[in-house]
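A.B. asks: Here is a sequence with its predicted model. Questions after.
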Amino acid sequence: MALDKALPLGEPQQSPLRSLAIAVWRRPALGASALLAGPMGWLVLIYLAALATLFISAFWSVNDFTGEIVHSWTLDNFRQLVESSVYPHIALRTIGIAFAVTLTDIVLAFPLAYFMARIARPKLRAALFAMVLLPLWSSYLARVYAWRLILSHDGVLNWFLLELGLPRAHIGYTNWAMWIVFSYIWLPFMVMPIYAAIERIPGSFLEASQDLGGRGLRTLRKVILPLAMPGVIAGSIFTFSLTLGDYITPVLVGGPGSNFIGNVVFSNVGIANNIPFAAAFATVPLVVMAIYLFIARRLGAFEMM
Amino acid sequence: MTRTHRSRLWLSSASLGLFMLSSSGIAAPVAPHYPSSIGKGEGQLNIIAWEGYAQPEWVKPFEKETGCRVNAKYAGSSDEMVALMRQGGGSQYDLVSASGDASLRLIYGGIVQPVNVKLIPDYENFLPELQSPPNNTINGIHYGISYEWGPNVLLYNTDKVSPEPTSWAAIYSEQYKGRITVPDNPIQIADAALYLMAHKPELGIKDPYELTRKQLDAAVALLKKQRPLIKKYWALASDEIELFKNGDVVIGAAWPYQTNALKAAGTPVADTVPEEGATGWSDTWMLSAKAKHPNCAYKWMRYASTPMVQAQQAIYFGETPANKKACSVMNKLEPGSCQKYHLDAPASYFDKIKFWKTPRKQCSDGRNNCTSISQWQQAWQSVMQ
């Protein structure tokens, strides 16, 4: 109907809209590029240019006296990063906790995702879906603060332990607290891709494995795990990169000695006004993620996306 | 020079000159160009302030009286204030309520301009120490009007800590291990330096904000020894309030604001300025070098210096006015508050407080062997790990 209005019969040649439509119809590439111009422009200008600016400014320095940026090339920022005992330590802590969180989430998410995809009936599956996704409806900050209340000295956890006659747990404001909170917060991002991967495995594969004498564990190891692996890798990209780039959770639930790369970047931009140094340190997670994605690609994580 | 030039050419040709290129001139304190009188208001005033510094109680009457509509942007830290004042070439905001650890950065960065104190009648009534304090006055030129001040106090839980602590040693000793909190802020190094001033005179620290490399290293060593004793370094005042409320900590460095909030919530706490003295803040209204609404800004500085506003502000935030005449107004608003916030205290109380200053490479005696804020930042990072 709308088409009828836009293209009144009788004078089809005069309508510029129509000639445009014909042009796009004849040359599909034209239509595709018009469609992509916006997002591509955004990607190149805003995203890649910002990354390039970040990388370039990592080679600048700051005038100590006035706090202004000196636009001459220097490797001092990188030298400082490598030579100091502090920054490699912080980088390793960040990467280490990101790995620990990723592993924990795989261990927690796999059985849950398997149950949802293969065993649960539709109603239960819908309920489980809602429960996995429900936390995402509330603010990230609210969830981290909730954990702070749970883990604090007079918090829910210790109240519970004392009621049971057990001694207090001193988990609040430690790296353990960060590990727990990160694992909790990013769990849905692991459950979803694994669920999608397991759901895709044809039931006949499992039957075939059993027909050939593969018991439960063997089927899991030889059939399910390899086929679900792309989902695990995809999920791990989320949990790993999200943990790697976070700086709020360390501030809120971390204790002394729990700074992340993000915290150092934040304090250099905010407090010391040393943007070049912050940029130099910010390239570390970039490089780590690039390596991670390269390995993930090798393992076939992108084939299912 | 050529390298700089080429890098700029490259940047602009790649259309990446997104930021920082405006800073072509060499920054230095701005020379005075005083107005001789306050002209007609421009109808607008854009300010950056601490939360609670632009409350409707005193902003509304100002808007009515002057016709200057106040747009206040709250900043969470001194560093955010400096960043916001730099933003947009420096003309976006007219005024900032800068604390002492930001003010020198603003002055030497050429971001703020000198203020004619003759246009502020209440300036005469200020505490003598706050008429030309080193955090806003350089070579007799005033880069702003002092506003309010207060000490960083030692806060403790009265149920768990007794007798009343009299020394900062309480947060450096094993006694309260794992139940101590201090701010996550490089300026905390000054607190350690203040402690060393009293307990290790051989280091020769005269000013906790002017540390040589050796003195800075000593302060950092003390802070590193303190680190295993700390439960948490707090980033926001609300963090510390929660730590005390939940029993995670029993003693720590704080602002009087936290004491008031915790007392109001029924937590048994008290605070004290220990025998070594304390660090403290002293805020200044500073005028942007490129202020678009200078007349409204002067009107605000004049208004904010009056006893009424100074008293309201002090009671609202839990701090002390610069204007001595605010004392009687404070007592009218809340009996005993003038004494509570030490506005009537002798000069010796004021001398116990070492007010925040931006650490700079150049010491005040002109020598160049002090450590700068970015060195402090890195030192603090090595403490925090």
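C.D. replies: Sure thing, it's come through. Just so you know, these numbers come straight off a predicted model, no measurement behind them.

A.B. asks: buried set for the helix or strand hosting residue B:193?
C.D. replies: With secondary structure defined by DSSP states H and E, residue B:193 is part of helix B:188-199. Using 16 or more other CB atoms under 10 Å in any protein chain shown as the burial criterion, the residues of helix B:188-199 that qualify are B:188, B:189, B:190, B:191, B:192, B:193, B:194, B:195, B:196, B:197. (Glycine included, C-beta is placed from N, CA and C.)

A.B. asks: The third one against residue B:355, yeah?
C.D. replies: Put plainly, it is residue B:190. No: shown here, residue B:190 and residue B:355 do not form a contact pair, counting by CB atoms under 8 Å, at 9.9 Å.

A.B. asks: what do these two both touch?
C.D. replies: Both residue B:190 and residue B:355 are contacted by residue B:279, under the criterion CB atoms under 8 Å, 6 or more residues apart in numbering or on different chains.

A.B. asks: for residue B:279, phi and psi?
C.D. replies: Geometry field for residue B:279 lists phi and psi as phi -80, psi 170, criterion degrees, to the nearest 10.

A.B. asks: which residue sits closest to the residue nearest the centre of chain B, ignoring its sequence neighbours?
C.D. replies: Central residue check for chain B by CA atoms, centre = their mean: the C-alpha nearest the mean position is that of residue B:99, 2.5 Å away. Nearest residue to residue B:99, sequence neighbours excluded (CB to CB, 6 or more residues apart in numbering or on different chains): residue B:281, at 4.7 Å.

A.B. asks: tell me, how many neighbours does that neighbour end up with?
C.D. replies: Residue B:281 sits with 22 neighbouring residues when counted by other CB atoms under 10 Å in any protein chain shown.

A.B. asks: again with residue A:113
C.D. replies: The criterion is other CB under 10 Å. On that basis, residue A:113 has 27 neighbouring residues.

A.B. asks: Could you measure from the residue nearest to the centre of chain B over to chain A?
C.D. replies: 13 Å (CB to the nearest CB, to the nearest Å).

A.B. asks: Chain A contacts on the stretch 101-250 of chain B?
C.D. replies: Listed as neighbours of chain A in the stretch 101-250 of chain B under the rule CB under 8 Å from any CB of the partner chain: B:105, B:108-110, B:178, B:184-186, B:227-228, B:230-233, B:235, B:239, B:242-243, B:246-248.

A.B. asks: Now, those that are in strands?
C.D. replies: Filtering these for membership in strands, criterion DSSP state E, returns B:230, B:231, B:232, B:233.

A.B. asks: Please tell me I have it right and the third one contacts residue B:242.
C.D. replies: Read that as residue B:232. No: with contacts defined as CB under 8 Å, residue B:232 does not count as touching residue B:242, sitting 9.8 Å away.

A.B. asks: Looking at those two, which has the bigger crowd around it?
C.D. replies: When residue B:232 and residue B:242 are compared for neighbours, residue B:232 comes out ahead with 26 against 19, by other CB under 10 Å.

A.B. asks: on that earlier part again, residue contacts, the residue nearest to the centre of chain B?
C.D. replies: Residues in contact with residue B:99, defined by CB under 8 Å, 6+ apart, are B:50, B:78, B:81, B:281, B:282, B:283, B:284, B:356.

A.B. asks: what sits against the third one?
C.D. replies: Put plainly, it is residue B:81. Under the criterion of CB under 8 Å, 6+ apart, the neighbours of residue B:81 are B:48, B:75, B:96, B:97, B:98, B:99, B:102.

A.B. asks: how about those residues, which pair is most distant?
C.D. replies: Greatest spatial distance in the contacts of residue B:81: B:48 and B:99, 11.7 Å, computed using CB to CB.

A.B. asks: Which stretches in the stretch 51-200 of chain B count as helices?
C.D. replies: Ranges of helices within the stretch 51-200 of chain B are B:56-66, B:78-86, B:100-108, B:188-199, based on DSSP state H, counting those that start in this stretch.

A.B. asks: Leaving aside the residues adjacent along the chain, what's closest to residue B:320?
C.D. replies: The nearest residue in space to residue B:320 (CB to CB, 6+ apart) is residue B:341, at 4.5 Å.

A.B. asks: doesn't residue B:316 make contact with that neighbour?
C.D. replies: No: taking contacts as CB under 8 Å, residue B:341 lies outside contact range of residue B:316: 11.5 Å.

A.B. asks: Comparing the two, which shows the higher neighbour count?
C.D. replies: In this comparison of residue B:341 against residue B:316, neighbours counted by other CB under 10 Å, the higher total goes to residue B:341 at 25 against 15.

A.B. asks: Compute the number of surrounding residues for whichever residue of the stretch 51-200 of chain B sits closest to chain A.
C.D. replies: When you check the stretch 51-200 of chain B against chain A by CB to the nearest CB, the closest residue turns out to be residue B:79, at 4.4 Å. Counted with other CB under 10 Å, the burial measure for residue B:79 works out to 23 neighbours.

A.B. asks: Local confidence estimate at residue 137?
C.D. replies: Went with chain A since none was named. The predicted local confidence for residue A:137 comes out at a pLDDT of 90.

A.B. asks: wait, chain B
C.D. replies: Residue-level pLDDT assigned to residue B:137 equals 92.

A.B. asks: and it, how many neighbours does it have?
C.D. replies: Here the number of neighbours of residue B:137 (other CB under 10 Å) works out to 20.

A.B. asks: And for the one 3 residues further on?
C.D. replies: Using other CB under 10 Å as the criterion, residue B:140 is surrounded by 6 other residues.

A.B. asks: Distance-wise, check the residue nearest to residue B:320 relative to residue B:98.
C.D. replies: Noted for residue B:341: a distance of 21 Å to residue B:98, by CB to CB, to the nearest Å.

A.B. asks: how about the strands of the stretch 151-300 of chain B, start to end?
C.D. replies: Taking DSSP state E, counting those that start in this stretch as the criterion, the stretch 151-300 of chain B carries its strands at B:153-157, B:180-183, B:230-234, B:251-254, B:269-272, B:278-288.

A.B. asks: I'd like these written out as JSON lines, with mean pLDDT added.
C.D. replies: Converted to JSON lines, those look like this (pLDDT from 0 to 100):
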{"stretch": "strand B:153-157", "mean pLDDT": "96"}
{"stretch": "strand B:180-183", "mean pLDDT": "94"}
{"stretch": "strand B:230-234", "mean pLDDT": "93"}
{"stretch": "strand B:251-254", "mean pLDDT": "95"}
{"stretch": "strand B:269-272", "mean pLDDT": "94"}
{"stretch": "strand B:278-288", "mean pLDDT": "94"}
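
A.B. asks: Now those strands in a markdown table, please, with extra columns for distance to residue A:192.
C.D. replies: Formatted as a markdown table, those follow (distance: least, CB to CB, whole Å):
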| stretch | distance to residue A:192 |
| --- | --- |
| strand B:153-157 | 45 |
| strand B:180-183 | 39 |
| strand B:230-234 | 34 |
| strand B:251-254 | 42 |
| strand B:269-272 | 46 |
| strand B:278-288 | 48 |
